[in-house]
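Undergrad: Attaching a predicted model along with its sequence, questions to come.
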Amino acid sequence: MKKYSITLLVFLAFFSTCFPSIAQTSRRQAPQNASSVSRQEAKAAAARNDVVEAIRKYQLAMVERPRDLSLDLEFAQFLAKAERYPKAIDVYRRALELAPRNEAAELGLAQAYRRVHNVDETQALLRDARKHHPKSVSVLKALGSFETEAESYDAAIEALNAAAALAPTDESVRDMLGAAYLGKGDKEAALRQIEKTLALDPAEQRARFLRAQILADGGKNDEALADAEKAFEAKPDSLPARRLLVKILLRLKQCARAAAILRPAEHSSALDTEELFMLGNAYDCAGQAALAKGARNEFAVASENDRRRAENEVQSKHLYEQANELARQNKFGDALDFLQQALEKDPKNGFAYSQQAKIFFSMHETDKAQEAIERALEIQPYQPDFLYVEGVIAEGESKDDEALAAFEEVAQINPREADAYFEMGRIFLKRNDRERALAAFRKAAELAPDDPDYKRALSEVVVPEGMKKKN
């Protein structure tokens, strides 16, 4: 990662993520007949949605039973459900230390990485899991789902076809395969898979929705209508199902019904721009000119708001990039002006808040820096860059425990980031914990072997063999 001027400090130089839990100590072996009271109390806390207490009790249970794989998996699943993804990643990795090819741990870890948008780790884990469990339908489905989401449709289709061969009566596999074919644009192949699903279960709603979509796209609206109605009845709050049904009804000139679905007499919800456009057409088709005019006026306002929002987001990004360049030139005042303009254009630009935090930190305005990075993390709680800046600010304030926790979260989310290892090593060294400092610097140097700072830090920690003998 590129280094910047000393005035901007490490925060501008070291900008990302790391690896899970160098800072954790190893779990000592304990008798397997140890008390499970803490585990029971953890489950009870989880049942009443007391997340903090559940985590505390699960941690106590792990001390009581440090090599209980089922406990690790249970705790990790709870953390993932509670959206504590960095900690879930940490615990899943511990589970894999106990059972390196455990399928549940591999899939859970991959899903946790997926939730924090670490595409590379997710893909690598799922592909490794497939090698470890080539006959696992669950692994193939997870891989197929991931590849479909990544729009790697050929890879998704290959994995899902393998799953279908292993589980020919699994309706969900056929649904996923149909969706992958549809994403690729092969509607005939998609329809074949959907028909197989419906032969297994005629009431399967996702298959009905996909079939209705394919038939409607092919102009077969009469045939599509029944499936679209069933899909909408099953999930009336689903925007795709509602839009598809309305589109088909409009084509079939059932306009009053389409309008009633979009804007029922009671409990009417706000409509987005596309739905307001459809509503205007529905009223117009039904001969309700005044209502059509009102809906089109709403559409015009919503469309203009969408246009302004998109334009503001583009301008905000451009202002943020200009601010970055000014910051590199140590023109902090001008950079802050540009960042303020960026946030006025788009208050959800977390990177602008993060850059504010870096500049305020370099200006020794720590309170403002802390406030800015907290705003960034409210927008994107698991953005590694923001967590890294949070760690740098805490380290600068000599809050080493907070800094270490932030760097560890970065490392858990992205185990390939060298900078976080380096910062953790510096904290360990400050604490005279040479063993963990050495491990951290080694990891940093392993990930970025050409970085002179990492090499130097590593060489300074390593104790020559001759000195070891003298001591």
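TA: Cool, the structure landed. Residues are numbered from 1 along each chain as shown.
Undergrad: going forward, measure contacts and count neighbours with C-alpha atoms only.
TA: Will do.
Undergrad: Toward the C-terminus, what is the element adjacent to the helix or strand containing residue 424?
TA: Using DSSP states H and E, residue 424 sits within helix 418-430. Proceeding N to C from helix 418-430, the next assigned helix or strand is helix 434-447, under DSSP H and E.
Undergrad: what inclination does that following helix have with respect to helix 418-430?
TA: Here helix 434-447 runs at an angle of 160 degrees relative to helix 418-430 (axes from the mean of the first three to the mean of the last three CA atoms, to 10 degrees).
Undergrad: Report the buried residues of helix 434-447.
TA: Residues of helix 434-447 classed as buried by neighbour count (16 or more other CA atoms under 10 Å): 434, 436, 437, 438, 439, 440, 441, 442, 443, 444, 445, 447.
Undergrad: Distance of the residue nearest to residue 368 when sequence neighbours are not counted relative to residue 140?
TA: Distances taken as CA to CA, 6 or more residues apart in numbering put residue 360 closest to residue 368, at 6.2 Å, once the chain neighbours are dropped. Note on residue 360: its distance to residue 140, by CA to CA, to the nearest Å, is 48 Å.
Undergrad: Give me the more crowded residue out of these two.
TA: residue 140 (27 against 22; other CA atoms under 10 Å).
Undergrad: distance between the helix holding residue 424 and the chain's centre?
TA: Offset of helix 418-430 from its chain centre (CA atoms, centre = their mean, to the nearest Å): 26 Å.
Undergrad: Repeat that for stretch 223-235.
TA: The chain centre lies 31 Å from the centre of stretch 223-235; the measure is CA atoms, centre = their mean.
Undergrad: Name the residues that touch it?
TA: Outside stretch 223-235, the residues within contact range by CA atoms under 8 Å, 6 or more residues apart in numbering are 205-206, 208-209, 211-213, 215-216, 238, 241-242, 244-245, 248-249.
Undergrad: I would like a ChimeraX command selecting only the buried ones among these, please.
TA: Selecting only the buried entries of the contacts of stretch 223-235 in ChimeraX, with 16+ other CA under 10 Å as the criterion:
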select :205,206,208,209,211,212,213,215,216,241,242,244,245,248,249
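Undergrad: remind me, longest helix of this structure?
TA: Of all segments of type helix in the chain, defined using DSSP state H, the longest is helix 289-328.
Undergrad: can you pull the buried residues of that helix?
TA: Counting neighbours by 16+ other CA under 10 Å, helix 289-328 gives 291-292, 295-296, 298-299, 302-303, 312-313, 315-317, 319-324, 326-327 as buried.
Undergrad: What of stretch 199-206?
TA: So for stretch 199-206, counting by 16+ other CA under 10 Å, buried means 204, 205, 206.
Undergrad: Now, those that are in helices?
TA: 205, 206.
Undergrad: Dump the buried residues of stretch 199-206 to JSON lines, plus pLDDT.
TA: Formatted as JSON lines, the buried residues of stretch 199-206 follow (pLDDT from 0 to 100):
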{"residue": "204", "pLDDT": "92"}
{"residue": "205", "pLDDT": "92"}
{"residue": "206", "pLDDT": "93"}
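Undergrad: Out of the buried residues of stretch 199-206, which comes closest to residue 155?
TA: Comparing those against residue 155 with CA to CA picks out residue 206 as the nearest, at 21.8 Å.
Undergrad: mind listing what the closest one touches?
TA: With CA under 8 Å, 6+ apart, residue 206 has these contacts: 175, 231.
Undergrad: and if we set it to 6 Å?
TA: By CA atoms under 6 Å, 6 or more residues apart in numbering, the contact list for residue 206 is empty.
Undergrad: if we take the contacts of stretch 223-235, which one ends up nearest to residue 51?
TA: For the contacts of stretch 223-235, the closest approach to residue 51 (CA to CA) belongs to residue 238, at 29.8 Å.
Undergrad: Make a markdown table out of the buried residues of helix 434-447 and add distance to residue 172.
TA: Shown next, in a markdown table, are the buried residues of helix 434-447 (distance: CA to CA, whole Å):
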| residue | distance to residue 172 |
| --- | --- |
| 434 | 52 |
| 436 | 46 |
| 437 | 48 |
| 438 | 48 |
| 439 | 45 |
| 440 | 44 |
| 441 | 46 |
| 442 | 45 |
| 443 | 41 |
| 444 | 43 |
| 445 | 45 |
| 447 | 40 |
